[in-house]
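Enquirer: Could you look at this predicted model? Sequence included:
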Amino acid sequence: MDIGGYVMLGIFILIALYAVIIYNNLVSLKHGVSKAWSNIDILLKQRFDELPKLVEVCRQYMSYEQDTLEKVMRARSQVAAAQQNQDMKSLGQAEDMLRVGLGNLFAVAEAYPELKADQTFRHLQSRITGLENAIADRREYYNECVNRNNVRIEQFPDVVIAHLFRFGPFELLEFSRRELQDVDVRALFS
C-alpha cells in the first residue's frame, strides 16, 4: 500500500471514530431524557399515593366542600392516566388542573381552624407542597434534556447519524397559558 492509501485509511478511520462519538453522544442524550422522565414519574407516583391521604383527612373536617375534594381526585386520576400513556400534552393540562385543585383545597382549609391545627393535615400539606416543588424542578430539567436532544439531532453532522439510526425528537412538557400569566393578587384576597 502506498502513502496515499494510508492517508485514505487514516481519514476513513477518523471519520468512523467521529461518527461513533456522535452516535454515543446521541445515545447519552436519549437516555438522559428517559432518566429525567423517570425522575418526574417517581415524584408523580409519590404524590399520587399522598393525595388520597390528604383528601381523607380533609373529608373528616370538610363536610360541605365535597366538590373541591372531588376535583382534586379527578385531576389526580387524569394525571395518572396521562403519566401512564406518557402523553406530555395531556399531562401538562392535568397537572394544571391538579395544581388549581390543590390551591383551592388549601385555600378552603383556611376556613377550618381545627383542620389547619391537625398534625396529619399539616404533615401531608407540607409533604405535597415539597413534592410540587420537586416536580416543578424535575419538569424544568426534563425540558432541558429534551431541548438538548432535539437541538443535537438537528445539527450537522449529528443529523446524519440521527437520521441513520432513527434518533427522534421528544415532546416538551408544556405549561398552560394560565400558568404563564401574571397572578392577580388582588383577586386572591377578594
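Expert: Everything's here; your move. Numbers count the residues shown, from 1 in each chain.

Enquirer: nearest spatial neighbour of the spatially most central residue of the chain, skipping sequence neighbours?
Expert: The residue lying closest to the centre of the chain (CA atoms, centre = their mean) is R139, at 3.6 Å. Nearest non-adjacent residue to R139, counting by CB to CB, 6 or more residues apart in numbering: L173, 5.3 Å away. Heads up, the C-betas are built off the backbone N, CA and C, glycines and all.

Enquirer: Check the offset of the helix or strand A107 falls within from the chain's centre.
Expert: When elements are assigned from DSSP states H and E, A107 belongs to helix 88-109. Offset of helix 88-109 from its chain centre (CA atoms, centre = their mean, to the nearest Å): 14 Å.

Enquirer: Report how many residues lie close to L51.
Expert: By other CB atoms under 10 Å, the residues close to L51 number 22.

Enquirer: do the same with R138
Expert: 20.

Enquirer: Could you identify the helix or strand that succeeds the host helix or strand of it?
Expert: Element membership for R138 (DSSP H and E) is helix 119-152. Sequence order places helix 158-164 as the next helix or strand after helix 119-152, per DSSP H and E.

Enquirer: pull the CA atoms of stretch 22-30 into PDB?
Expert: Extracted in PDB, the C-alpha atoms of stretch 22-30 (Å, rounded to 0.1, in the frame of the first residue of the first chain):
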ATOM      1  CA  ILE A  22     -21.600  11.400  17.700                       C
ATOM      2  CA  TYR A  23     -23.600   8.200  18.000                       C
ATOM      3  CA  ASN A  24     -22.600   7.700  21.600                       C
ATOM      4  CA  ASN A  25     -23.400  11.300  22.500                       C
ATOM      5  CA  LEU A  26     -26.900  10.900  20.900                       C
ATOM      6  CA  VAL A  27     -27.400   7.700  22.900                       C
ATOM      7  CA  SER A  28     -26.400   9.500  26.000                       C
ATOM      8  CA  LEU A  29     -28.800  12.400  25.300                       C
ATOM      9  CA  LYS A  30     -31.700   9.900  24.600                       C
END
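
Enquirer: From here on, call the first residue 15.
Expert: Taking 15 as the first residue, the last one we looked at is stretch 36-44.

Enquirer: could you give the mean pLDDT of that stretch?
Expert: The average pLDDT within stretch 36-44 is 96.

Enquirer: who's in contact with that stretch?
Expert: C159, R162, N163, R166, I167, P171, D172, I175, A176, F179, F181 (CB atoms under 8 Å, 6 or more residues apart in numbering).

Enquirer: which helices and strands does the helix holding R152 pack with?
Expert: Here helix 133-166 touches helix 17-75, helix 102-123, going by 3 or more CB pairs under 8 Å, 6 or more residues apart in numbering; DSSP states H and E.

Enquirer: contacts for the helix holding A121?
Expert: So helix 102-123 is contacted by 68-69, 72, 76, 79, 82-83, 85-86, 88-90, 92-93, 95-97, 129-130, 135, 139, 142, 146, 149, 185-190, 192-193 (CB under 8 Å, 6+ apart).
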